[in-house]
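K.L.:
no sequence for this one, just the structure:
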């Protein structure tokens with residue numbers, strides 16, 4: 001896992017997993033489908049902004065300490081606030097968006113009409129926190145919007161259910177309403193456990209890509225999302241492009257945000273050597 005940080009520091013970022021969530025209105029889901037998110041839901045094999053360590057890794061270098069796992073909502077919220085990416089974690093020039101943080105006592109749920117709604121946390125979730133940042137518009141280029149989401153579950157199996165349910169959502173709702181004036185279309189999802197499809201940074205990873213539309217940014221705009229799980233914690237990053245912004249600019253921010261959060265989860269939960 002620490003190889004990700006080294007890769008980032010030396011600039012040797014390799015695209016490998018796949019990716020797309022949102023500003024507290026989009027990921028994760030409260031649905032509990034059966035099955036495993038091990039295979040692609042769409043057959044999409046597009047490389048993602050996720051970094052990978054050197055080839056040949058066969059196991060995740062992360063062993064959680066049960067005594068360090070949060071067991072109360074207060075402890076889970078402290079962990080979520082420690083892990084969630086702040087503006088500086090995305091790269092130079094990023095600032096807070098308003099609202100900056102979501103209500104940690106609620107989480108987003110995709111309703112039967114494919115519209116995201118915030119609902120009270122289920123009993124299996126201790127905390128859910130989203131933070132929204134942006135690279136402001138400048139020199140004729142629109143803003144890049146990014147969001148980091150951390151969900152702390154009571155148990156690993158509950159986090160597994162979230163990952164499986166999230167993969168199913170793109171199949172059920174390839175077109176989704178995020179907010180009144182925001183929507184995404186043509187979503188495609190991919191899932192990979194550690195060691196599959198270039199995932200060497202987490203125990204499980206899900207990704208989504210599609211087209212983003214909003215009254216502010218127009219559309220279609222680039223939309224990419226990555227969610228990963230370590231132990232009972234899931235972390236997600238999402239980026240939305242704008243006029244004059246390249247996909248690589250968005251991907252670069254997602255790489256940095258994802259690595260920062262996964263490293264913090266590991267630091268907070270890992271057993272002492």
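P.N.:
Okay, I see it. The shown structure was predicted, so the numbers you read here are calculated from the model rather than taken from an experiment. Numbering: from 1, shown residues only.
K.L.:
now the strands: where do they sit in the stretch 51-200 of the chain?
P.N.:
Using DSSP state E, counting those that start in this stretch, the strands of the stretch 51-200 of the chain run over 95-101, 106-110, 116-120, 125-135, 144-153, 176-179, 182-193.
K.L.:
residues of the third one that come out buried?
P.N.:
Using 16 or more other CB atoms under 10 Å as the burial criterion, the residues of strand 116-120 that qualify are residue 116. Just so you know, the C-beta spots here come from the backbone N, C-alpha and C atoms, and that holds for glycine as well.
K.L.:
what of stretch 73-81?
P.N.:
Those would be 73, 76, 77, 79, 80, for stretch 73-81 by 16+ other CB under 10 Å.
K.L.:
a markdown table for these, including pLDDT and distance to residue 235?
P.N.:
What follows is the buried residues of stretch 73-81, written out as a markdown table (pLDDT from 0 to 100; distance: CB to CB, whole Å):
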| residue | pLDDT | distance to residue 235 |
| --- | --- | --- |
| 73 | 96 | 18 |
| 76 | 97 | 13 |
| 77 | 97 | 15 |
| 79 | 98 | 11 |
| 80 | 98 | 9 |
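K.L.:
follow-up on the earlier one: tell me the most buried of the strands of the stretch 51-200 of the chain?
P.N.:
Highest mean neighbour count among the strands of the stretch 51-200 of the chain (mean count of other CB atoms under 10 Å): strand 144-153, with a mean of 27.
K.L.:
and that strand, what other elements does it pack with?
P.N.:
Applying 3 or more CB pairs under 8 Å, 6 or more residues apart in numbering; DSSP states H and E, we find strand 144-153 packed against helix 73-83, strand 125-135, helix 156-172, strand 233-240, helix 247-269.
K.L.:
residues of the last one that come out buried?
P.N.:
Looking back up the chat, that one is helix 247-269. Buried-residue list, helix 247-269, by 16+ other CB under 10 Å: 249-266, 268-269.
K.L.:
pLDDT averaged over it - what is it?
P.N.:
Taken as a whole, helix 247-269 carries a mean pLDDT of 96.
K.L.:
again with the third one
P.N.:
pLDDT averaged over helix 156-172 equals 92, rounded to a whole number.
K.L.:
hey, what's the angle from that helix to strand 182-193? Just curious.
P.N.:
130 degrees (axes from the mean of the first three to the mean of the last three CA atoms, to 10 degrees).
K.L.:
give me the packing partners of helix 156-172, helices and strands only.
P.N.:
Against helix 156-172 (3+ CB pairs under 8 Å, 6+ apart) you get strand 144-153, strand 182-193, strand 204-214, strand 218-230, strand 233-240.
K.L.:
how far away from the center of its chain is that helix?
P.N.:
Helix 156-172 sits 13 Å away from the centroid of its parent chain (CA atoms, centre = their mean, to the nearest Å).
K.L.:
buried stuff in it?
P.N.:
Under the neighbour-count criterion of 16+ other CB under 10 Å, helix 156-172 has 156, 158-170 buried.
K.L.:
repeat that for stretch 78-94.
P.N.:
Neighbour-count burial for stretch 78-94 flags 79, 80, 83, 84, 85, 87, 89, 90, 91, 94 (criterion: 16+ other CB under 10 Å).
K.L.:
now the end-to-end length of that stretch.
P.N.:
23 Å (CA to CA, to the nearest Å).
K.L.:
same thing with stretch 191-199?
P.N.:
So stretch 191-199: terminal residues 9 Å apart, CA to CA.
K.L.:
I'd like the distance from it to the chain centre, please.
P.N.:
For stretch 191-199, the distance to the chain centre is 15 Å (CA atoms, centre = their mean).
K.L.:
quick check: closest non-adjacent residue to the residue nearest the centre of the chain.
P.N.:
Among the residues of the chain, the one closest to the centroid is residue 236, at 1.4 Å (CA atoms, centre = their mean). Distance criterion CB to CB, 6 or more residues apart in numbering; nearest residue to residue 236, sequence neighbours excluded, is residue 227 at 3.9 Å.
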